[in-house]
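Q: Need coordinates for the below:
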Amino acid sequence: MNLNTISDNEIKKADWYYSIELRPGVFTKGAKHPNVALTRELLSGLKATGTSCLDIGAQEALISTILAKKGAESVTAVCAQNYPDGEQRINWVKQAHGVSFDYHPCVLLEDLQTAMTQQEKYYFDIVVFSGILYHLINPLGDLIRARSMVRSGGILLIETAAIISDEMALFLNANERFSPGGGNIFMISIPALDYLLRTVWLQPIDCVYHSFRKTRCRIAVTCRAVDAPLPLEGDGWMDKFNFMLPRRLSDFRDWRALKTDRAPLEYHTSNTLKWHRKINAVNLLETVQKTAPLQIRPSMVRLELGAVA
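A: Below you'll find the predicted structure:
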């Protein structure tokens, strides 16, 4: 069905994941997901012109559309689900916003590399991994899978629900103690997120968050893909773990294929941040504890026709 053949009322009444403007003033009936606002805030610091991008867990491709509007050379959107009218909705979004990107439903994280290799897409400049980590049974393994799609010097942007705590922990969402819904499995503490990112060769370079409980938040982190772990001084375990890591990571892919002679991707931030100074990486817990949360405006959780970021 072509977008031009459906009425405004049909657009407004159907349940969507995202709120997306398909005609002037006519938005789909989507929820106001805070992860969208956080992800978009960090994307605003990214120069995407001429890049290759991967949007993991794209749903109706709001983030994919923004990446295309920001001038990416190619955008690939993947989603684990295959909604009955999913591809039709994607086509409506493309038509309304004048963008082009590849869309692949039914791609699980464990199948991601194979699916991309079949498309002759071996790595990307930018990977967005937003609103996924807390849904995963194997969060570390699947974080590595997402990391394995980013070239050296590229950017992985991760967003997730998290627990504000000094503990280095994954908290099981037993009895829905943190969040309702059977799909919400583990909540990661902010120090554990910081540590795991640095363990799998990601350098946090920007961060924003939004608090919605005293001990809970949504947090988004821009990470640069680097070629070694980033332990803090005195941390012998990370070095020991990474001595074994190449063998463990080889189960996921040949990591040598991610090294290129291309320059690191440009990124600029205007956010107030706290740092692990000696390794030039954002200290996520201190940033959340000592800086102001992102103030979310209505335009940040929906996609308007004129929006570029």
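Q: thinking residue 264 is in contact with residue 150, fair?
A: No. Residue 264 is beyond contact range of residue 150, at 11.5 Å (criterion: Cβ atoms under 8 Å). (C-beta placed from N, C-alpha, C; glycine too.)
Q: Of those two, which one has the most company?
A: Ranked by neighbour count (other Cβ atoms under 10 Å), residue 264 and residue 150 place residue 150 first, with 25 against 13.
Q: measure the more buried one to residue 265 for me?
A: Using Cβ to Cβ, to the nearest Å, one obtains 10 Å as the distance from residue 150 to residue 265.
Q: Residue 147 now?
A: Here the criterion is Cβ to Cβ. By it, residue 147 lies 15 Å from residue 265.
Q: pLDDT score for the nearest residue to residue 203 once chain neighbours are set aside?
A: Nearest non-adjacent residue to residue 203, counting by Cβ to Cβ, 6 or more residues apart in numbering: residue 224, 4.5 Å away. At residue 224, the model reports a pLDDT of 98.
Q: residues contacting residue 224?
A: Applying Cβ atoms under 8 Å, 6 or more residues apart in numbering, we find residue 224 in contact with 153-155, 202-203, 205, 264-265, 267.
Q: Parallel or antiparallel, list what pairs with the strand or helix carrying it.
A: Secondary structure assigned from DSSP states H and E places residue 224 in strand 216-225. As defined by DSSP bridges, the strand partners of strand 216-225 come to strand 150-163 (antiparallel), strand 202-213 (antiparallel).
Q: how about that strand: buried residues?
A: Within strand 216-225, the residues scored as buried using 16 or more other Cβ atoms under 10 Å are 217-225.
Q: For these, give me a markdown table that also has distance to residue 110.
A: Output for the buried residues of strand 216-225, formatted as a markdown table (distance: Cβ to Cβ, whole Å):
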| residue | distance to residue 110 |
| --- | --- |
| 217 | 28 |
| 218 | 25 |
| 219 | 25 |
| 220 | 24 |
| 221 | 23 |
| 222 | 25 |
| 223 | 22 |
| 224 | 25 |
| 225 | 20 |
